[in-house]
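Colleague: sequence below, structure please.
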Amino acid sequence: AGTEVLCGPSDPEWWSLLFLYGHGQVSNLLFDDILDTCGLAYLKRQTTVAPDGCAALLADMADAVGGYYEYNLYDDCTYANGLRRRHRRLAALNDYVCAGQAQDVWVNQSVVKAALNVPLDSVFFTVDGDDAFYLPTETNVMPIYRRAADLGLRALVYNGDTDPSINSFASQNWTSHLGFNLTQPWRPWTLDACQKMGGYVTRYAPNFDFLTIRGSGHMVPEFKPAAAFQFLATWLADADYFPYDPDCLTPELTSPTLGRDLPVVAAAAE
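Modeller: Reported below is the predicted structural model:
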């Protein structure tokens, strides 16, 4: 969204604090102390001077939270994640297979390099956000979304709700300030039009959606493939996301798994 909106040096402390507290990683007492001492004006970077004692409390928060994977709060592939943030001790929980280092081992074999037609002395490695490879240049891309809407283009911004790196609180904030007209306030969406929760969606006119994926970290197709398939198929079909039905006991859809959704979504689009 731009370095002045997200992912920049002026990125407010507030969204990280809200994310960690909202996910039960910060105690009520410490949260209240931070609010009382730092104040919302500073936490949201409306003022630049930290009140006395604020920096110490934010440091206390970092120590109190402990370790987590920057791209998935509940991930427990503690020693198998290639993308680690400095000064983070990694620990959490998940229900998918840990990726490990298989890709790095495979791609650095001589026979693989030869097949890829790259020099045999090449070294492949995993990197994330290093200034040598990834340098943000835009301070605010919100006008680009407005221009796209003026041109009649459809847009979808989605966010795993356990992603500490680009957290859904911050994304919800900037997407709600684009100036679009609200057509569907925040509501649950499902994979089966029954009770299998996918997350939450907010829809705007003209043609803009903000959608969260429950329990997913940064790499949504990796962490929640069925939900990713469902919402992308729905969006591509220009259909409405399946609602949550509190009275539904058994979904009418025959299988809540990958491969059954496209015909249903296509029918919904008609």
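
Colleague: ranges for the strands of the stretch 151-270 of the chain?
Modeller: Here the stretch 151-270 of the chain has its strands, by DSSP state E, counting those that start in this stretch, at 155-160, 181-190, 197-205, 208-213.

Colleague: what about the helix ranked longest in the chain, distance to the chain center?
Modeller: Using DSSP state H, we find that the single longest helix of the chain is helix 28-43. Computed by CA atoms, centre = their mean, to the nearest Å, the chain-centroid distance of helix 28-43 equals 25 Å.

Colleague: sorry, back to before: of all the strands of the stretch 151-270 of the chain, which one is nearest Leu73?
Modeller: strand 155-160 (9.4 Å; CB to CB). (C-beta placed from N, C-alpha, C; glycine too.)

Colleague: tell me what that closest one is packed against?
Modeller: helix 142-150, helix 168-175, strand 208-213, helix 220-223 (3 or more CB pairs under 8 Å, 6 or more residues apart in numbering; DSSP states H and E).

Colleague: pull stretch 182-191 out as CSV, backbone CA atoms only.
Modeller: Extracted in CSV, the C-alpha atoms of stretch 182-191 (Å, rounded to 0.1, in the frame of the first residue of the first chain):
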residue,chain,number,x,y,z
LEU,A,182,-19.8,0.3,1.2
THR,A,183,-22.2,-2.3,-0.3
GLN,A,184,-21.6,-5.2,2.1
PRO,A,185,-20.4,-4.4,5.6
TRP,A,186,-18.0,-6.8,7.3
ARG,A,187,-19.5,-10.3,7.2
PRO,A,188,-18.5,-13.9,7.4
TRP,A,189,-17.9,-15.9,4.2
THR,A,190,-17.8,-19.7,4.0
LEU,A,191,-16.5,-22.5,1.8
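
Colleague: tell me which residues of it are tucked away?
Modeller: 188-191 (16 or more other CB atoms under 10 Å).

Colleague: and which of those is nearest Ala41?
Modeller: Pro188 (33.2 Å).

Colleague: hang on, the earlier thing: deepest-packed of the helices and strands packed on strand 155-160, please.
Modeller: strand 208-213 (a mean of 24; mean count of other CB atoms under 10 Å).

Colleague: that older thread, list the buried residues of the longest helix of the chain.
Modeller: Buried residues in helix 28-43 (16+ other CB under 10 Å): 30-31, 33-34, 37-38, 42-43.

Colleague: of all those residues, which two lie farthest apart?
Modeller: So, the buried residues of helix 28-43 by CB to CB: farthest apart are Leu30 and Tyr42, at 16.4 Å.

Colleague: thought Cys194 was touching Asp245, still the case?
Modeller: Yes. Contact criterion CB atoms under 8 Å: Asp245 and Cys194 qualify, at 5.6 Å.

Colleague: give me the more crowded residue out of those two.
Modeller: Cys194 (20 against 14; other CB atoms under 10 Å).

Colleague: and the helices in the protein?
Modeller: 13-22, 28-43, 54-65, 102-107, 110-116, 142-150, 168-175, 220-223, 225-236, 261-269.

Colleague: can I get the helices and strands packed on strand 155-160 in a markdown table including distance to Asp60 and mean pLDDT?
Modeller: Formatted as a markdown table, the helices and strands packed on strand 155-160 follow (distance: least, CB to CB, whole Å; pLDDT from 0 to 100):
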| stretch | distance to Asp60 | mean pLDDT |
| --- | --- | --- |
| helix 142-150 | 34 | 91 |
| helix 168-175 | 21 | 89 |
| strand 208-213 | 29 | 94 |
| helix 220-223 | 30 | 87 |
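
Colleague: report the distance from stretch 38-57 to the chain centre.
Modeller: The answer for stretch 38-57 is 26 Å, by CA atoms, centre = their mean.

Colleague: likewise stretch 40-59?
Modeller: 25 Å.

Colleague: repeat for stretch 237-253
Modeller: With CA atoms, centre = their mean, you get 23 Å for stretch 237-253.

Colleague: check stretch 62-76 too.
Modeller: 14 Å.

Colleague: can you check stretch 135-149 too?
Modeller: 18 Å.
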